[in-house]
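# heads up, no residue letters with this:
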């Protein structure tokens, strides 16, 4: 009887350990996807602003100046967004800071504790 209880306790401990590892793997997989969506949003934001800035009819004038853009509907689920700040100082110094988020509303705001932010900075 004691032997059976000992064996079942060992098997229970092993199964709980395996279940704990599996749960951590699921959480890691989800966070990797969310981090990828946030980085994609930041990258899309910076590319969008670079395209608009380098077009012949750039809206980012006069120099010096600071502009803000919000881009929504990004990512695999369409919930990601980006906040982009463009700062132009003396020609040709331009700094673009793009912050991408995996979750955001129309203003790119969210109180979700699982929100992930990724930032890309471009200077030229």
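Sure thing, it's come through. Model, not experiment: these values are computed from the prediction.

# Show me what the helix or strand of the chain with the lowest mean pLDDT is packed up against.
Lowest by mean pLDDT, DSSP states H and E among the helices and strands of the chain is helix 2-54, with a mean of 87. With contacts defined as 3 or more CB pairs under 8 Å, 6 or more residues apart in numbering; DSSP states H and E, the packing partners of helix 2-54 are strand 65-74, strand 80-88, strand 94-101, strand 117-123. No exception for glycine: its C-beta is placed from N, CA and C like everyone else's.

# how close does the most centrally placed residue in the chain sit to residue 31?
Geometric centre of the chain, nearest residue: residue 38, 1.6 Å, by CA atoms, centre = their mean. Noted for residue 38: a distance of 10 Å to residue 31, by CB to CB, to the nearest Å.

# if I look at the two, which residues touch both of them?
Here residue 38 and residue 31 have residue 116 as joint contacts, going by CB atoms under 8 Å, 6 or more residues apart in numbering.

# Test my guess that residue 89 contacts residue 66.
No - counting by CB atoms under 8 Å, residue 89 sits too far from residue 66 to count as a contact (9.6 Å).

# count of neighbours near residue 87?
For residue 87, the neighbour count with other CB atoms under 10 Å is 16.

# okay, it: pLDDT?
At residue 87, the model reports a pLDDT of 93.
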